[in-house]
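*Asks:* Quick one: sequence plus predicted model below, questions after.
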Amino acid sequence: MDDLEGNSVNDDIQAPNGLFFDELSRIKIIEPEKQEKTEKLGEECKAFIDQLDNFQEIVGGFVELTDKLGKGVEAEKMKAIGARTACDSLSKKREAEEQLLLSLIAEKRAQLERIQVEQDGLLRVIQDQENFINTHIMNK
């Protein structure tokens, strides 16, 4: 069927004041083509938002995993620092013990030398006394 202007009834009709009628004779204020593009754009936006939400979930999971790994690395780092500190402490303790033992060895060597000198002196005194005794007894 054609209307007075020659348009088919099935086509959208534009009213002179910017109103449009769709195929069901409903009044529209946006051109049908723009309406379709708007709806399509809305669907694309919804799909994009869904993809963005999915991406945010993935990134959130990645950040959470990275945080867990970071905490694990930090814990291992603290263990390593503690072990290194203990090792350094043990090393310093051993160095101190070594110095103490070296000083004790030096002290004992000095004591040994004094005792040996004293022994040598006493052996000379004994020998001198034996010589004296032998000389006086033999002379009598």
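*Replies:* Cool, got the structure.
*Asks:* pLDDT at the closest residue to residue 31 other than its chain neighbours, what is it?
*Replies:* Of all residues not flanking residue 31 in the chain, residue 20 sits nearest, at 6.1 Å (C-beta to C-beta, 6 or more residues apart in numbering). C-betas here are computed from N, CA, C, even on glycine. Among the per-residue scores, residue 20 holds a pLDDT of 76.
*Asks:* so where's the protein uncertain?
*Replies:* 1-17, 140 (pLDDT under 70).
*Asks:* Phi, psi for residue 28 please.
*Replies:* phi -130, psi 150 (degrees, to the nearest 10).
*Asks:* Distance of it relative to residue 34?
*Replies:* As defined by C-beta to C-beta, to the nearest Å, residue 28 lies at a distance of 10 Å from residue 34.
*Asks:* same check, this time on residue 134
*Replies:* For residue 134, the distance to residue 34 - C-beta to C-beta - is 144 Å.
*Asks:* try residue 139
*Replies:* 152 Å.
*Asks:* cool, and residue 132?
*Replies:* Counting by C-beta to C-beta - residue 132 and residue 34 are separated by 141 Å.
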